[in-house]
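fold the stuff below for me.
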Amino acid sequence: MTATPAASQELQHWHLPAMRAVPALVVGLPLPFIQLHAPIVGLIALAVLLAGTAAATWLGRRAVPEGAGRWPAVIAVWSGAVALVAVALAIAIPSETMLGLTVALWAIPAGLVELQGWARMRSVTEPRTRQLVRDWLIVGVFTILLGLVFAFLRDAVSLVGLLGAYAVIVGVFHAVAALSARPARATTTERSDA
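Just a heads-up that it's a prediction; the model follows:
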């Protein structure tokens, strides 16, 4: 018997939120335990979050349903570019203003692009895909709100804390979305009957 590529080896819709959950949780979970809530910490955390988001959305860009557009590729490129800006600012001028404006610079356009993906797919009827599309709406709105808050807030402790809270909430949200959209596995008896 020869092994043939199975459909389960290809990217499925639930893979994108699963991949997006990883960098968010990697950044968000340790931030509360870091005692120094300085702008440099926030910029480095932002750079790691955005680099991970860029990698996840780029790798998962083909896992979105047909008709959703190329929003994951756009977010990947935008997140990667802003990650480089965050690194440069962490080295050159780590300040509360730079942290706030950099998050706002990333979050507002990224949220709008994600909402565009939702708008294209909001009439889909398949339940699992519908759930994923609804998740794009929630994450898009939440990301825009993050950007708006960071555009005006200038307290380093609050900025770093909110960035960590955003990362944890979005990470958990993506993980739950991936688990909800994942198809049920066949049991051992179902596989032996097939």
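
so, low pLDDT: which residues of the protein?
Scanning the chain with the threshold set as pLDDT under 70 gives 1-9, 184-194.

and if we set it to 50?
Low-confidence segments of the chain, defined by pLDDT under 50: 1-8, 187-190, 192.

host element of V27?
In the assignment (DSSP states H and E), V27 maps to helix 15-28.

helices or strands up against the helix or strand that that helix is followed by?
The C-terminal neighbour of helix 15-28 among helices and strands, as given by DSSP H and E, is helix 39-59. Where contact means 3 or more Cβ pairs under 8 Å, 6 or more residues apart in numbering; DSSP states H and E, helix 39-59 is packed against helix 15-28, helix 71-92, helix 96-121, helix 156-181. Placement of C-beta: from N, CA and C, glycine included.

between helix 39-59 and helix 71-92, how many degrees?
Counting by axes from the mean of the first three to the mean of the last three Cα atoms, to 10 degrees, helix 39-59 lies at 160 degrees to helix 71-92.

hmm, who's touching helix 39-59?
Outside helix 39-59, the residues that touch it by Cβ atoms under 8 Å, 6 or more residues apart in numbering are 16, 19-20, 22-24, 26-28, 31, 34, 72-73, 75-77, 79-80, 82-84, 86-87, 89-90, 94-96, 98-99, 102-103, 106, 156, 159-160, 163-164, 167.

please repeat the previous calculation with a cut-off of 6 Å.
19-20, 23, 27, 72, 75-76, 79-80, 82-83, 86-87, 89-90, 94-96, 99, 156, 159-160, 163, 167 (Cβ atoms under 6 Å, 6 or more residues apart in numbering).

same question for stretch 145-163.
Applying Cβ under 6 Å, 6+ apart, the contact partners of stretch 145-163 are 37-39, 41-42, 45, 96, 99-100, 103-104, 107-108, 166.

and these, which two are the farthest apart?
A38 and I108 (24.1 Å; Cβ to Cβ).

if we can go back for a sec, nearest to Q131, of the contacts of stretch 145-163?
Y166 (21.5 Å).

against L153, how distant is the most centrally placed residue in the chain?
With distances taken as Cα atoms, centre = their mean, R20 lies nearest the centre of the chain, 4.3 Å away. Separation of R20 from L153 (Cβ to Cβ, to the nearest Å): 25 Å.

before we move on, what about H15?
For H15, the distance to L153 - Cβ to Cβ - is 34 Å.

between these two, which one's more packed in?
Between H15 and L153, counted using other Cβ atoms under 10 Å, the more crowded position is H15 (19 against 16).

isn't that one up against V64?
No: between H15 and V64 there is no contact under Cβ atoms under 6 Å: 10.0 Å.

my guess is W118 contacts V139, does it?
No: the criterion here is Cβ under 6 Å, and W118 misses it with V139 at 9.1 Å.
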